[in-house]
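Participant: okay, predicted coordinates and the sequence, questions at the end:
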Amino acid sequence: MEKAGLIYGPEVHHLDHLAPLCAQLKIPLILTDVDVCSLARRFYPDLEVILWDPLEAPEKLVAQFDTIYYSTPRVLFDEVFFFAQGFQNKRIRTIWCPHGNSDKGRSSVFMEALSEEEHLLVYGTRMETFLREKGIKAPVTRVGNYRLDYFKKHAAFYEDLFPAKKKKTILYAPTWQDGEKNSSFPYIWRFLLTTPKRFSLFVKLHPNLYVQFPEEIKQLKAEAPDHVTILEDFPPIYPILSKADIYVGDMSSIGYDFLAFKRPMILLKQSDLVKAGTYLPEEKYPSLFELCDSQKSIENALYEETFS
């Protein structure tokens, strides 16, 4: 049975989830966007990449492969590959790969879109329980924290790409502004311009924020001081997390990824599910950097069920 991963279009935020998976499964990753392909070849050293024209991809994929790992719901896969499957009288089996684990989606119906999946990959019991609560009944396979394993395997490679900073390093990685209003970015971005020089601040924005807040991001990039770096075109998250002394963010999956390092976290959006880190309400955003000075390490084993 021929297998491959697939990112159809410019969905670059899926790359750091499918690329390590495909590399470790020793299967190719099919791409249809030139820029995503360039990033895949640069940042994932043992990944086999196939670049196809988006118009030719449906016919080629259905002809050459039987099983596809994908990070969007089956219904979106069929929108693109329906006619190719019908013409060749062949149904492609799809396996859903999560693109992160967060506390989002509990008050919306986003995850219900997975109701038509044949099989799903989950990190661990936490994600599996969430899917069951949402009525998703497809069989699952637990894969654990395979992205962290991939980073450790290639640690020397990533060390050269993302060297350590001498100052205390903060990573601010907000999520996008979805229907649940989960993003802190529109409320805090101006404060980032006042980052004290005693810190190195890295800002890694969700790709959707560039569409939602283009003028704010343009101003942030134009006015950011030298010790504030806007990270762009750097998909792998674990090389960045490994160098961060403090994580600042929302209810996004990067916070769960950062738990592996047991370092301080400051959360800017409240969730009843969050039992880790320090929650900073909007009215106290001006005190963010004072809080960064006083943060202590998280010592207890947090959210172990996320990846086990």
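Facilitator: Everything's here; your move.
Participant: give the contact list for the closest residue to residue 27 other than its chain neighbours.
Facilitator: Distances taken as CB to CB, 6 or more residues apart in numbering place residue 3 nearest to residue 27, at 4.7 Å, with adjacent residues excluded. Where C-beta positions appear, they are placed from N, C-alpha and C, glycine not excepted. Contacts for residue 3 were tallied using CB atoms under 8 Å, 6 or more residues apart in numbering; they are 25, 27, 65, 66, 67, 68, 69.
Participant: and the longest helix belonging to the chain, what does it pack against?
Facilitator: What stands out as the longest helix in the chain, according to DSSP state H, is helix 74-87. Secondary-structure packing of helix 74-87 (3 or more CB pairs under 8 Å, 6 or more residues apart in numbering; DSSP states H and E): helix 57-64, strand 93-96.
Participant: all strands of this protein, in order?
Facilitator: 3-7, 29-31, 49-51, 67-70, 93-96, 119-122, 140-142, 168-173, 199-204, 228-231, 246-249, 265-267, 278-279 (DSSP state E).
Participant: to residue 153, which of the ones you listed lies closest?
Facilitator: For these, proximity to residue 153 was assessed by CB to CB; strand 29-31 is nearest, at 16.9 Å.
Participant: next one: that closest one to chain centre, how far?
Facilitator: With CA atoms, centre = their mean, to the nearest Å as the basis, strand 29-31 stands 17 Å off its chain's centre.
Participant: low-confidence ranges, the protein, go.
Facilitator: Counting by pLDDT under 70, the ranges of the chain that qualify are 1, 102-110, 270-276, 296-305, 308.
Participant: can you give me the distance of the spatially closest residue to residue 83 that is not a sequence neighbour to residue 75?
Facilitator: Of all residues not flanking residue 83 in the chain, residue 58 sits nearest, at 7.0 Å (CB to CB, 6+ apart). Separation of residue 58 from residue 75 (CB to CB, to the nearest Å): 15 Å.
Participant: redo the helices and strands packed on helix 74-87 as TSV? Include distance to residue 228 and mean neighbour count.
Facilitator: Formatted as TSV, these follow (distance: least, CB to CB, whole Å; neighbours: other CB atoms under 10 Å):
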stretch	distance to residue 228	mean neighbour count
helix 57-64	39	17
strand 93-96	37	19
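Participant: now tabulate the ones you listed in a markdown table and tack on distance to residue 259.
Facilitator: Shown next, in a markdown table, are the helices and strands packed on helix 74-87 (distance: least, CB to CB, whole Å):
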| stretch | distance to residue 259 |
| --- | --- |
| helix 57-64 | 36 |
| strand 93-96 | 23 |
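Participant: tell me, how many residues neighbour residue 214?
Facilitator: Number of residues near residue 214 (other CB atoms under 10 Å) recorded here: 10.
Participant: what do you get for the one 3 residues further on?
Facilitator: Residue neighbour count, defined by other CB under 10 Å, stands at 19 for residue 217.
Participant: same deal with residue 76?
Facilitator: 13.
Participant: give me every residue that touches residue 201.
Facilitator: Residues in contact with residue 201 (CB under 8 Å, 6+ apart) are 169, 170, 171, 172, 192, 195, 227, 228, 229.
Participant: try residue 95
Facilitator: Residues in contact with residue 95, defined by CB under 8 Å, 6+ apart, are 67, 68, 69, 70, 118, 119, 120, 121.
Participant: quick check, residue 136 in contact with residue 113.
Facilitator: No - look at residue 136 against residue 113 with CB atoms under 8 Å: they stay out of range, at 9.5 Å.
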